[in-house]
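Trainee: sequence-free structure coming up:
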């Protein structure tokens with residue numbers, strides 16, 4: 001498994017609260033839910049190479 005890249009993220013507190021509740025509903029951490037949302041967006045935009053087109057948690 002490739003090592004995950006760490007980076008700081010500044011986010012509006014209200015948006016964070018929304019993401020936190022959403023992640024809880026999906027049984028994910030906020031971090032993994034943000035990664036899931038970004039991956040889905042990249043797939044939808046055709047920006048994700050096929051070899052990286054996998055579900056979160058299949059690491």
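Mentor: Yes, it's here. Keep in mind that what you see is a predicted model, and the values were worked out from it rather than measured. Residues are numbered from 1 along each chain as shown.

Trainee: tell me which element residue 22 is part of?
Mentor: helix 13-25 (DSSP states H and E).

Trainee: For that helix, buried residues please.
Mentor: 19, 23 (16 or more other CB atoms under 10 Å). The C-beta positions use only the backbone N, C-alpha and C, and glycine is treated the same way.

Trainee: and the next element down the chain from it?
Mentor: Beyond helix 13-25 toward the C-terminal end (DSSP H and E), the next one is helix 30-44.

Trainee: Isn't residue 16 up against residue 31?
Mentor: No - using CB atoms under 8 Å, residue 16 makes no contact with residue 31, being 11.5 Å away.

Trainee: For residue 20, give me its contacts.
Mentor: residue 30 (CB atoms under 8 Å, 6 or more residues apart in numbering).

Trainee: Quick check: the gap between it and residue 48.
Mentor: When distance is defined by CB to CB, to the nearest Å, residue 20 is 25 Å away from residue 48.

Trainee: same deal with residue 29?
Mentor: Residue 29 sits 21 Å away from residue 48, going by CB to CB.

Trainee: More neighbours: those two, which one.
Mentor: residue 48 (16 against 12; other CB atoms under 10 Å).
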